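In: for reference, the sequence and a predicted model appear below.
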Amino acid sequence: MPVAEMPMLLPAPSRDFPPGRPPARGVAAFVAGALALALPAAAVVGAATAAPGRHRAPRATRLEPDYESPTARWREGPVRYLLSKQEDEAFRALSSDEERATFIQRFWAGRDPQASTPENEYRALFYRRVSEADRLFTESTKPGWKTDRGKIYILLGPPDDLDQAGFPSGRSADVIRWTYRDAPAGTGIGSNTSIRFVRDRSGEYRLVSGVGASLGTSFLLQRMQMKSLPEPRELLDTVVGSNDFLDAAPFRTHHDFFRAGDGNTFAVVTLGVKNGFVREPARSGAGPALEEADGTAGGGSRFEVMARLVGDAPGLPTYDLAGPTGLRPGDQSGPSGADDYRFYQAGTSVKPGRYTIYYGLVDHGTTRIDSFKESLTVPDLTSVALSLSGITLASHLEWQSGAWPPPPYSAPFVLGGLKAVPRADDTFRNDEDLAFYYSIYGSETDPIDGRPDLDVEYLFYSAGAASTAGEPSFAPLGKPIHLTRQQSLVQGYSLSLKDWSRATYRLRVQVIDNLTGRQAEGEVTFRVL
């Protein structure tokens with residue numbers, strides 16, 4: 001049964017969504033450096049892309065002069081979010097710019113997590129978020145850092161999940177909900193806390209959720225985290241330089257690829273980690289348990305996943321997925337047995353070619369790092385030929401509301417407006433739903449509405465007796481399923497496996513571009529146990 005006929009399982013997006021703002025620079029604008037998390041889709045896709053390679057926080061000399069000028073108005077700038085009542089009173093009592101300059105220098109020096117380094121990482125992070133808030137939150141006449149969303153973004157960082165609802169008349173959501181799975185302890189913000197913003201008549205989003213009065217202490221706690229942990233790039237240096245890599249047994253990996261507007265390929269990297277691996281209290285040579293079922297380990301430590309892509313040939317750059325751009329957890333509401341997997345995902349624009357990808361699994365409580373590596377070939381998708389990505393079996397599919405057309409990748413596990421969590425293996429029970437998704441490349445767009453016009457056909461085959469070569473033969477199973485006038489370049493489908501016999505099956509997908517007549521197909525095999 002197609003998605004459109006199964007709204008409880010996987011409601012299809014309405015074709016009546018108003019068109020969203022066109023991306024300014026294409027998919028490649030993934031906001032490298034700090035915005036790999038769920039943020040307003042138009043802002044995420046439209047932001048500038050950082051140059052390939054390692055990201056370095058801006059040095060203090062690059063700060064906005066208005067924010068750090070030693071005048072009486074310094075306390076009215078972004079630093080107002082950090083000033084304690086006592087500090088504010090002390091600053092207001094100063095009478096000269098020289099006294100204020102000394103106060104400002106001491107203010108930041110007291111918050112420097114690594115006094116031995118020339119850069120104040122705490123201040124760099126703070127002003128980087130201020131700059132990002134100004135770029136992202138532009139609905140108001142005032143600077144983005146002064147908006148409600150700007151304040152929360154600066155103090156807590158990018159959210160882990162974004163939900164948007166309501167499109168009665170305009171192109172922007174009426175309500176935006178940010179969810180933080182692991183906000184800093186002691187801020188009054190618990191795990192999986194949602195913060196709501198409602199758009200007023202002026203178009204600005206106002207905070208309506210009640211957040212704790214101690215929210216301003218979050219940056220202090222983040223400073224302590226900076227002080228106890230190496231910088232993400234240093235952690236990845238340790239991972240890549242390690243000679244002690246784990247085998248693939250506790251892991252599953254998956255990769256999705258999209259065309260990027262800069263001529264590269266947007267690579268989405270997914271790592272599945274066995275629950276038994278992260279819970280086991282004492283693994284030989286692997287340190288203590290990294291994470292409990294709720295995402296935190298004893299004593300408040302966190303399990304973080306990062307990765308580095310290193311080109312295997314001259315001329316291929318290195319790409320880091322760490323810190324704010326690291327691999328983020330997906331929906332963890334599924335099975336939680338020791339042999340089930342927890343999935344983490346991130347994406348970035350990558351030059352096509354062959355890479356070695358190094359994964360680091362970091363225990364924030366002990367700074368223990370476990371590492372795993374594999375080869376990754378990033379395809380070149382600049383060809384105009386119609387083609388399909390690999391067909392991915394999924395454990396969860398759900399359409400997300402938002403602007404149309406949706407960006408190919410707007411947040412972890414959200415591909416083309418479809419929230420899709422890959423499945424760890426190819427086996428299903430017949431009391432489950434078969435779910436899968438895939439991407440379509442090289443389709444034409446209608447010159448009138450700017451959308452593709454695609455027909456899709458799903459054909460199922462059942463494995464029979466093995467042939468003389470040892471491979472099973474597949475016979476058609478039932479009638480093909482036809483979907484017409486499809487307009488999304490990321491397709492998802494779900495159907496019940498009730499009454500399906502225990503056997504091996506093959507799914508073949510055929511796509512026809514009605515605007516050009518070109519065809520493409522792909523297939524995947526799965527088992528019902």
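Out: Received the coordinates, thanks.

In: now residue 523: closest residue in space that isn't a chain neighbour?
Out: residue 508 (4.5 Å; C-beta to C-beta, 6 or more residues apart in numbering). Where you see a C-beta, it was placed from the backbone N, CA and C, and this is true even at glycine.

In: apologies, that question was intended for residue 437.
Out: Here the residue nearest residue 437, using C-beta to C-beta, 6+ apart, is residue 492, at 4.1 Å.

In: got the contact list for that neighbour?
Out: 3, 10, 394, 397, 399, 418, 420, 435, 436, 437 (C-beta atoms under 8 Å, 6 or more residues apart in numbering).

In: what two of the residues you listed have the greatest distance between them?
Out: Using C-beta to C-beta, the pair of those lying farthest apart is 399 and 436, separated by 14.6 Å.

In: any chance of TSV for the contacts of residue 492, columns neighbour count and pLDDT?
Out: Shown next, in TSV, are these (neighbours: other C-beta atoms under 10 Å; pLDDT from 0 to 100):
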residue	neighbour count	pLDDT
3	21	36
10	25	30
394	23	93
397	19	91
399	21	86
418	23	90
420	25	91
435	23	96
436	22	97
437	24	95
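
In: of the residues you listed, which belong to strands?
Out: Mapping the contacts of residue 492 onto strands (DSSP state E) picks out 394, 397, 399, 418, 420, 435, 436, 437.

In: quick one: which of those is nearest to residue 196?
Out: Using C-beta to C-beta, residue 399 is the member of the ones in strands among the contacts of residue 492 that lies nearest residue 196, at 21.2 Å.

In: surely the closest one touches residue 414?
Out: No: Residue 399 lies out of contact with residue 414 (C-beta atoms under 8 Å); the separation is 10.0 Å.

In: what pairs with the one helix or strand residue 525 maps to, and is each one parallel or antiparallel?
Out: Using DSSP states H and E, the element containing residue 525 is strand 519-528. Strand 519-528 has the following sheet partners, assigned by DSSP bridges: strand 427-428 (parallel), strand 503-513 (antiparallel).

In: any idea which of the ones you listed is most buried?
Out: strand 503-513 (a mean of 18; mean count of other C-beta atoms under 10 Å).

In: leaving aside the residues next to it on the chain, what's closest to residue 277?
Out: residue 250 (3.8 Å).

In: what's the burial count for the one you found?
Out: Residues contacting residue 250 under the criterion other C-beta atoms under 10 Å number 21.

In: quick check, pLDDT for it.
Out: On the pLDDT scale, residue 250 is placed at 83.

In: with residue 312 instead?
Out: For residue 312, the predicted pLDDT is 94.

In: likewise for the one 10 residues further on?
Out: We note a pLDDT of 86 for residue 322 in this prediction.

In: for residue 234, see how far away it is.
Out: Counting by C-beta to C-beta, to the nearest Å, the separation of residue 322 from residue 234 is 10 Å.

In: compare the two (neighbour count), which wins?
Out: residue 322 (25 against 11).

In: these two touch, right, residue 90 and residue 104?
Out: No: judged on C-beta under 8 Å, residue 90 makes no contact with residue 104 at a distance of 11.8 Å.

In: count of neighbours near the closest residue in space to residue 246 that isn't next to it in sequence?
Out: Nearest non-adjacent residue to residue 246, counting by C-beta to C-beta, 6+ apart: residue 372, 4.9 Å away. Close neighbours of residue 372, defined as other C-beta under 10 Å, add up to 22.

In: please enumerate the strands of the stretch 201-350 of the chain.
Out: Assigned by DSSP state E, counting those that start in this stretch, the strands in the stretch 201-350 of the chain fall at 205-207, 251-259, 265-274, 282-283, 287-288, 303-311, 318-321, 328-329, 341-350.

In: by mean pLDDT, show me the worst of the ones you listed.
Out: strand 287-288 (a mean of 37).

In: quick revisit: what about the residue nearest to residue 277, distance to residue 487?
Out: From residue 250 to residue 487 the distance is 40 Å (C-beta to C-beta).

In: below-threshold pLDDT in this protein: ranges please.
Out: Along the chain, segments meeting pLDDT under 70 span 1-65, 116, 164-173, 182-191, 209-231, 278-302, 331-336, 364-367, 402-404, 465-470.

In: partners of the longest strand belonging to it, with directions?
Out: The longest strand of the chain (DSSP E) is strand 472-486. Paired neighbours of strand 472-486 in the sheet (DSSP bridges): strand 454-466 (antiparallel).

In: give the buried residues for the partner strand.
Out: Under the neighbour-count criterion of 16 or more other C-beta atoms under 10 Å, strand 454-466 has 454, 456, 457, 458, 459, 460, 461, 462, 463 buried.

In: list the contacts of residue 374.
Out: By C-beta under 8 Å, 6+ apart, the neighbours of residue 374 are 248, 253, 356, 357.

In: now, of those, which are buried?
Out: Neighbour counting with 16+ other C-beta under 10 Å marks 253, 357 as buried within these.

In: farthest pair within the contacts of residue 374?
Out: 248 and 356 (14.0 Å).

In: CA atoms only for stretch 381-392, dumped as CSV, please.
Out: Extracted in CSV, the C-alpha atoms of stretch 381-392 (Å, rounded to 0.1, in the frame of the first residue of the first chain):
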residue,chain,number,x,y,z
LEU,A,381,26.7,13.0,-9.1
THR,A,382,27.2,15.8,-11.6
SER,A,383,26.1,13.5,-14.5
VAL,A,384,22.7,14.5,-16.0
ALA,A,385,21.7,10.9,-16.3
LEU,A,386,18.6,9.8,-14.3
SER,A,387,19.7,7.4,-11.6
LEU,A,388,18.8,6.1,-8.1
SER,A,389,20.8,5.9,-4.9
GLY,A,390,20.9,2.6,-3.1
ILE,A,391,17.6,1.5,-1.6
THR,A,392,17.9,1.7,2.1
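
In: can you list contacts of it?
Out: Contact with stretch 381-392 is made by 254, 256-259, 263, 265, 352, 420, 422-423, 436-443, 507, 509, 511, 513, 516, 518-524, as judged by C-beta under 8 Å, 6+ apart.

In: ChimeraX command to pick out the buried ones of the residues you listed?
Out: A single ChimeraX command selects the buried members of the contacts of stretch 381-392 (16+ other C-beta under 10 Å):
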select :254,256,257,258,259,265,352,420,422,423,436,437,438,439,440,441,442,443,507,509,511,513,518,520,522,524
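
In: would you mind measuring from residue 96 to residue 71?
Out: For residue 96 relative to residue 71 (C-beta to C-beta), the value is 10 Å.

In: tell me the secondary structure for residue 75?
Out: Three-state assignment for residue 75 (DSSP: H, G, I helix; E, B strand; the rest coil): helix.

In: roughly how far apart are the residue most central in space within the chain and residue 433?
Out: The centroid of the chain falls nearest to residue 412 when counting by C-alpha atoms, centre = their mean (2.6 Å). Note on residue 412: its distance to residue 433, by C-beta to C-beta, is 22 Å.

In: done for today, thanks.
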